[in-house]
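Enquirer: A predicted structure for the sequence below; I have some questions about it.
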Amino acid sequence: MKIRDKYRELSSGSGQIHPSKAVNPGLIYDINESSYISFLCKQGYNSTTISLLIGGKRKYKCSSFKPAPGADGLNYPSMHIYLNGSESKISGVFHRTVTNVEPGNLEYKAKVGSTKELSVDVIPKTLKFNRVDQKRSFRVVVKGETKKTGTQILSTTLEWIRDKGHSVKSPIIVFKSGF
């Protein structure tokens with residue numbers, strides 16, 4: 001029996017449902033330490049709090065790192081937008097880069113789950129790879145509007161689909177606090 005939950009993206013995460021598929025992921029979202037630090041700087045952390053999180057005696061200055069791009073500034077499969085209680089317009093751009101980890105000439109096409117509340121545009125809509133470790137970047141533009149009051153969760157999924165049935169899913173979540 002399958003149960004359709006309108007907030008299913010909140011319960012699935014990015015790839016945790018079928019761990020055996022991790023052996024052959026197709027595409028991966030690479031991230032390094034400086035990208036994490038740029039993300040933390042964008043979130044308002046300072047050199048003291050970053051040093052506490054990362055450990056060690058090294059001091060990290062946000063001005064020394066390239067600013068994190070996009071709405072969240074993190075090269076991660078899931079994408080999220082948080083709105084406070086007074087906001088109703090949804091607008092976010094996510095910059096992502098994936099790395100191909102399979103040999104051959106491969107093509108992935110973007111498919112976005114249908115939703116009335118969210119407009120999601122993926123640029124480009126097709127990613128082509130001709131070798132292992134090749135990187136391709138894309139943008140996801142999310143727009144819409146929430147109800148004026150109350151807590152609300154809107155969600156959909158970006159799925160990169162390859163001809164031979166392989167797919168890579170990314171949840172897109174908009175959370176509005178009712179306060």
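Expert: Ah, there it is. Residues are numbered from 1 along each chain as shown.
Enquirer: now the end-to-end length of stretch 118-130.
Expert: For stretch 118-130, the first and last residues are 33 Å from each other (Cα to Cα, to the nearest Å).
Enquirer: Contacts for that stretch, please.
Expert: Here stretch 118-130 makes contact (Cβ atoms under 8 Å, 6 or more residues apart in numbering) with 27, 90, 98, 100, 102, 104-110, 112, 136, 138-144, 154, 156, 158, 160, 172, 174. Quick note: C-beta positions are derived from backbone N, CA and C, even for glycine.
Enquirer: Ok, stretch 29-38 next?
Expert: Applying Cβ under 8 Å, 6+ apart, the external contacts of stretch 29-38 come out as 50, 54, 60, 62, 65-68, 73-77, 96-99, 135.
Enquirer: One more: stretch 83-98?
Expert: Residues contacting stretch 83-98 (Cβ under 8 Å, 6+ apart): 27-30, 69-72, 75-76, 79, 81, 118, 127, 135-149, 154, 160, 168, 170, 174-179.
Enquirer: Going by neighbour count, which of these are buried?
Expert: Among the contacts of stretch 83-98, the ones that count as buried by 16 or more other Cβ atoms under 10 Å are 27, 29, 69-72, 75-76, 79, 81, 118, 127, 136, 138, 140, 142, 144, 146, 154, 160, 168, 170, 174, 176.
Enquirer: Quick check: buried residues in stretch 38-56?
Expert: Quick answer for stretch 38-56 (16+ other Cβ under 10 Å): 38-42, 45, 47, 50.
Enquirer: chain center to it: distance?
Expert: When C-alpha coordinates are averaged (Cα atoms, centre = their mean, to the nearest Å), stretch 38-56 and its chain have centres 20 Å apart.
Enquirer: same check, this time on stretch 83-99
Expert: That offset, for stretch 83-99, works out to 10 Å (Cα atoms, centre = their mean).
Enquirer: pLDDT averaged over that stretch, what's the number?
Expert: Mean per-residue pLDDT for stretch 83-99: 88.
Enquirer: what do you get for stretch 147-157?
Expert: Taken as a whole, stretch 147-157 has a mean pLDDT of 78.
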